[in-house]
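[1] Build the 3D model from these lines:
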Amino acid sequence: MPFIKKTNGKFTTEDKVKMFQQMGSVGAVLALAFVILIETGFAGEYKSQAEMGLTAMIVVLAVSLISSMYFKRKL
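    Coordinates of the predicted model:
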């Protein structure tokens with residue numbers, strides 16, 4: 001059972017909104033995991049990579065929020 005139902009090979013606007021909301025949810029969970037790794041010190045010598053991953057997840061959250069709002073406006 002696919003998450004997105006394509007009609008004629010194209011995504012509907014509702015599908016796009018769902019896709020970006022799901023991407024934001026996954027990005028938020030991963031960002032939380034990076035914060036926990038950094039703050040507990042469990043990242044150890046890989047702290048700089050964890051901080052880089054956290055920065056990337058912040059960008060993913062921003063893109064998903066903006067895209068979701070843009071496609072909601074089109075509904």
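
[2] Could you list the low-confidence segments of the chain?
    1-7 (pLDDT under 70).

[3] In it, mark out all the helices, start to finish.
    13-40, 47-74 (DSSP state H).

[4] Could you dump the ones you listed into CSV with mean neighbour count added?
    For glycine as for every other residue, the C-beta is placed from the backbone atoms N, C-alpha and C. Shown next, in CSV, are the helices of the chain (neighbours: other Cβ atoms under 10 Å):
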stretch, mean neighbour count
helix 13-40, 15
helix 47-74, 14
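
[5] Return the residues in contact with Ile58.
    Applying Cβ atoms under 8 Å, 6 or more residues apart in numbering to Ile58 gives the contacts Ala31.

[6] how near is it to Val35?
    11 Å (Cβ to Cβ, to the nearest Å).

[7] Please apply the same query to Gln49.
    In this structure, Gln49 and Val35 are 14 Å apart, going by Cβ to Cβ.

[8] likewise Gly41?
    Going from Gly41 to Val35 by Cβ to Cβ gives 12 Å.

[9] so what sits against both of the two?
    With Cβ under 8 Å, 6+ apart, Gly41 and Val35 have no common neighbours.

[10] Looks like Ser64 contacts Val17 (just checking).
    No: the pair Ser64 / Val17 is not scored as a contact, 10.4 Å apart, by Cβ atoms under 8 Å.

[11] Gly53: what's it in contact with?
    Taking Cβ under 8 Å, 6+ apart, one finds 30, 34 in contact with Gly53.

[12] From Lys16, how far off is it?
    With Cβ to Cβ as the criterion, Gly53 and Lys16 are 26 Å apart.
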